[in-house]
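>>> 3D model of this:
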Amino acid sequence: MKVRYQNRIELLQGTLDLLILQTLQWGPQHGYGISQAIRANSGEVLRVDTGSLYPALHRLERQKWIEAEWEVSENRQRVRVYHLTGKGKKQLLTERSRWEQLQDAIAGILSPAKGESKA
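Below you'll find the predicted structure:
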């Protein structure tokens, strides 16, 4: 059984930014599409509610990592479509590097190398 992380406190600080930037690396998307991509690509484990998603999108826009334009969707509704900027692509690389370092650090604690002391 997969455990769903529904409480935003359970996700590490900054992880949502990484997830949004990575999702937009795959192509421009509106907010609902971003949340659906995160959900689908996480095997239905991660769900981002609008109360977390839109403040994060606005923050990323202010930092100039993403830009948005109004477009008309297939069902004739106006939607904001977000895309990654050049600055955002650089930030994604930085965020991925940080995530990999954190992953390695946690793995080292969960599975310490044989022969090393465990204090």
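
>>> excluding its backbone neighbours, what's nearest the spatially most central residue of the chain?
Most central in the chain under Cα atoms, centre = their mean is Leu19, positioned 1.3 Å from the mean C-alpha point. Excluding the flanking residues, the one nearest Leu19 by Cβ to Cβ, 6 or more residues apart in numbering is Ile38, at 5.3 Å. Quick note: C-beta positions are derived from backbone N, CA and C, even for glycine.

>>> Would you mind pulling the contact partners of the helix or strand containing Leu16?
Using DSSP states H and E, Leu16 sits within helix 15-25. The contact list for helix 15-25, computed with Cβ atoms under 8 Å, 6 or more residues apart in numbering, reads 8, 29, 34, 37-38, 41, 46, 48, 52-53, 56-57, 59-60, 65-66, 82-84, 88-89, 91-92, 95-96, 99.

>>> returning to what we had before: roughly how far apart are the residue nearest to the centre of the chain and Ile34?
From Leu19 across to Ile34, the span is 8 Å (Cβ to Cβ, to the nearest Å).
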